[in-house]
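Asker: structure, please.
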Amino acid sequence: MASYARPSSIEETLSLLKRDSWRIVAGGTDFYPMQGDKPIRENVLDVSDLRDLREISVESDHWRIGGLASWTDVIRHDLPPAFDGLKLAAREVGSIQIQNAGTVAGNLCNASPAADSVPPLLTLDASVELSSQDGRRTLPLGEFITGVRRTAMRPDEIVSAVLIPRAGDDAPGHFIKLGARVYLVISIVMVAAIVEPAGDGTVSRARVAVGSCSPVAQRLPALETALAGAPFEAAALAEIVRPEHFSVLSPIDDVRASAGYRLEAAEEMTRRVLKACAGGK
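Answerer: Numbers count the residues shown, from 1 in each chain. As a prediction, this is how the structure comes out:
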């Protein structure tokens with residue numbers, strides 16, 4: 001028979017994880033819909049009472065988004081311009097009720113190819129902090145998500161925070177999501193970018209990521225290299241984008257779109273995101 005526990009401290013949580021196998025549930029916005037009418041046969045560890053993990057804070061060299069911080073928490077928090085892409089993604093996650101309950105960390109742990117948080121967090125160079133009774137370890141986001149519905153988290157660990165370096169805080173970020181409608185829809189393509197301007201009017205550094213076009217969202221290293229040193233102007237940035245920059249992607253044909261359409265959409269959306277970062281339309 002399945003067990004249910006709702007610990008009130010991180011110490012109690014980690015002790016339970018060490019002793020038995022649990023399905024960790026925070027907002028439950030993925031768990032319960034996927035469960036459907038089936039009986040719950042897993043032990044459920046409800047961590048929604050760990051209020052210390054809900055904080056969003058800034059430290060000397062990084063931002064810390066607690067493992068229980070909701071999408072609404074991200075939207076409402078006073079964050080620098082580099083987080084604008086993440087805030088835009090947060091506003092398009094389901095309904096307002098889903099944004100109030102769902103957590104950023106839960107979205108990462110669900111590891112869907114269409115997880116809205118992943119492209120903007122990749123552009124933020126985010127890392128995932130994992131806690132267990134053995135201590136803490138930190139993995140770059142690109143190493144944490146290992147495939148469709150798969151992560152590098154051990155059974156005795158919990159995501160205690162998402163960590164984001166403060167370098168480039170003031171660089172403009174942007175995000176675009178394509179779906180059959182604006183809200184309550186699984187993404188066909190997502191694109192996020194952060195473009196850091198240099199003092200001479202050129203691009204110091206660019207970070208671009210695409211989601212829903214491969215098992216795991218991908219940065220576009222060839223495009224990022226091509227953008228470095230380019231004029232920090234909307235039209236100039238858009239003109240740099242080429243089909244070959246998207247060779248790291250591996251889109252599929254499914255009921256929402258063909259692979260070819262996804263690639264064409266990703267290219268056009270990338271132009272629009274880069275233009276928006278430079279203040280264009």
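Asker: now the strands for the protein?
Answerer: Per DSSP state E, the chain carries strands over the ranges 4-5, 23-25, 44-46, 56-58, 62-66, 127-132, 135-140, 145-147, 150-151, 158-165, 173-178, 189-197, 203-211, 218-219.
Asker: neighbouring contacts of the second one?
Answerer: In other words, strand 23-25. With contact meaning CB atoms under 8 Å, 6 or more residues apart in numbering, strand 23-25 is reached by 31, 42-48, 109, 158. To be clear about C-beta, it is placed using only N, CA and C from the backbone, and glycine gets the same treatment.
Asker: hmm, which of the residues you listed are the buried ones?
Answerer: With neighbours counted using 16 or more other CB atoms under 10 Å, the contacts of strand 23-25 contain these buried positions: 31, 43-47, 109, 158.
Asker: low-confidence regions, the stretch 1-150 of the chain specifically.
Answerer: Of all residues in the stretch 1-150 of the chain, none has pLDDT under 70.
Asker: which stretches in it count as helices?
Answerer: Using DSSP state H, counting those that start in this stretch, the helices of the stretch 1-150 of the chain run over residues 10-19, 31-35, 71-76, 84-91, 96-101, 104-110, 118-123, 141-144.
Asker: buried set for the fourth one?
Answerer: By that I understand helix 84-91. Buried residues in helix 84-91 (16+ other CB under 10 Å): 84-91.
Asker: for the first one, same thing?
Answerer: Of all the residues in helix 10-19, those buried under the rule 16+ other CB under 10 Å are 10, 13-14, 16-17.
Asker: and for the third one?
Answerer: Buried residues in helix 71-76, defined by neighbour count with 16+ other CB under 10 Å: 71-75.
Asker: of those residues, closest to Ala257?
Answerer: Nearest to Ala257 among these, counting by CB to CB, is Trp71 at 24.7 Å.
Asker: nearest to Ala276, out of the helices of the stretch 1-150 of the chain?
Answerer: helix 84-91 (9.2 Å).
Asker: chain center to that closest one, what's the gap?
Answerer: From the chain centre to the centre of helix 84-91 is a distance of 10 Å (CA atoms, centre = their mean, to the nearest Å).
Asker: which residues does that helix contact?
Answerer: Contacts for helix 84-91 (CB under 8 Å, 6+ apart): 71-72, 74-75, 79, 99, 104, 116-117, 119-121, 123-124, 172-177, 190, 192-194.
Asker: tilt between that helix and strand 189-197?
Answerer: 150 degrees (axes from the mean of the first three to the mean of the last three CA atoms, to 10 degrees).
Asker: next, the distance between the ends of stretch 70-82.
Answerer: Terminal residues of stretch 70-82 lie 19 Å apart, using CA to CA, to the nearest Å.
Asker: and the spatially closest residue to Asp134 that is not a sequence neighbour, what is it in contact with?
Answerer: Closest residue to Asp134 apart from its sequence neighbours, by CB to CB, 6 or more residues apart in numbering: Asp156 at 7.7 Å. By CB under 8 Å, 6+ apart, the contact set of Asp156 is 14, 17-18, 132-134.
Asker: against Ile194, how distant is Asp156?
Answerer: 34 Å (CB to CB, to the nearest Å).
Asker: could I get the strands of the chain as a markdown table with distance to Ala278?
Answerer: What follows is the strands of the chain, written out as a markdown table (distance: least, CB to CB, whole Å):
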| stretch | distance to Ala278 |
| --- | --- |
| strand 4-5 | 50 |
| strand 23-25 | 41 |
| strand 44-46 | 45 |
| strand 56-58 | 26 |
| strand 62-66 | 24 |
| strand 127-132 | 27 |
| strand 135-140 | 27 |
| strand 145-147 | 29 |
| strand 150-151 | 34 |
| strand 158-165 | 22 |
| strand 173-178 | 10 |
| strand 189-197 | 6 |
| strand 203-211 | 9 |
| strand 218-219 | 19 |
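Asker: test my guess that Ile176 contacts Ile188.
Answerer: No. Under the criterion of CB atoms under 8 Å, Ile176 is not in contact with Ile188, lying 11.2 Å apart.
Asker: for Gly199, what are phi and psi?
Answerer: phi -70, psi -20 (degrees, to the nearest 10).
Asker: Gly135 versus that one, what's the distance?
Answerer: 42 Å.
Asker: excluding its backbone neighbours, what's nearest Ala257?
Answerer: Ile188 (4.7 Å).
Asker: fine by me, thanks again.
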